[in-house]
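# structure of the sequence below:
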Amino acid sequence: MLREWSIRIGAVLALAAVLLAGLFETWQFHIYRVAAVSSDSALQEDQSWLFDPGSVRSGDTVAGMSAQSVQPGAQGDHTVAVQFAGTKEVSGRFRVLDKVTGDYRPGDVIFTLDERSADRLPRAGEREETSGSFALHFEDVRDKSRFGPTGSTGVGSIVISAYTAVYADKPETLTDKATLAEVRTLHVIPPRKSGDG
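Numbers count the residues shown, from 1 in each chain. Predicted coordinates:
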């Protein structure tokens, strides 16, 4: 009888060992699978600021901003203008134009994103290089004076509440735009006056 119990206990322990080994392998497989999915998600998250200009639709979310309207051909053949809503804090340098430059007029404030902010705003995935510049639109015209007179330059941190990304075959003639919601910090360098050395 003792021998019978030993065999039964041995069989139960062997079965328990097999079950535990199977559970351990399943657990390890699950951990590796979760790690692989996490790294895939990170890759997608790292590129969440890119959109396909041919397939983006109203309601899509890109870089945490919601596409409100998509206008193919809005600024000529082979162009797409996508208006996004949502707030984003960005930093970079700016200049207040003192002459006509392409589509910009004197007095327009052009903001160029720094490296830290380069991937915070939506960008067409087909553009290999982008200037990261946009013209600022001011809801309150008094905010524009905070950037200084025409010819001023500087650096700063701002919050925008809307962004229009324009994709085109020849992007150098088209302008992205953003609506200023708040100025966080500005360091303005006024233009040199005639006779300044």
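
# extract the CA atoms of stretch 136-149 and return them as PDB.
Extracted as PDB, the C-alpha positions of stretch 136-149 are listed here (Å, rounded to 0.1, in the frame of the first residue of the first chain):
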ATOM      1  CA  LEU A 136       1.400  82.800 -37.100                       C
ATOM      2  CA  HIS A 137      -2.200  84.000 -37.100                       C
ATOM      3  CA  PHE A 138      -3.300  86.200 -34.200                       C
ATOM      4  CA  GLU A 139      -6.800  86.100 -32.700                       C
ATOM      5  CA  ASP A 140      -5.800  89.200 -30.700                       C
ATOM      6  CA  VAL A 141      -3.800  91.700 -32.700                       C
ATOM      7  CA  ARG A 142      -2.200  93.000 -29.500                       C
ATOM      8  CA  ASP A 143      -0.300  89.700 -29.200                       C
ATOM      9  CA  LYS A 144       1.500  90.400 -32.500                       C
ATOM     10  CA  SER A 145       3.200  93.400 -31.000                       C
ATOM     11  CA  ARG A 146       4.900  91.100 -28.400                       C
ATOM     12  CA  PHE A 147       7.100  89.800 -31.200                       C
ATOM     13  CA  GLY A 148       8.500  93.200 -31.900                       C
ATOM     14  CA  PRO A 149       8.500  95.600 -34.900                       C
END
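
# tell me where this protein has helices.
Secondary structure of the chain by DSSP state H: the helices cover 2-46, 141-144.

# rank those by pLDDT, which is bottom?
In terms of mean pLDDT, the lowest-scoring of the helices of the chain is helix 2-46 (a mean of 54).

# and the residue nearest to residue 57 when sequence neighbours are not counted, what does it touch?
Ranked by CB to CB, 6 or more residues apart in numbering and with sequence neighbours excluded, the top spatial neighbour of residue 57 is residue 70, at 6.2 Å. The way it works is simple: take the backbone N, C-alpha and C, and place the C-beta from them, glycine included. Remark: with contacts taken as CB atoms under 8 Å, 6 or more residues apart in numbering, residue 70 is in contact with 56, 57, 58, 80, 81, 82, 83.

# having no further points to raise, I will conclude here.
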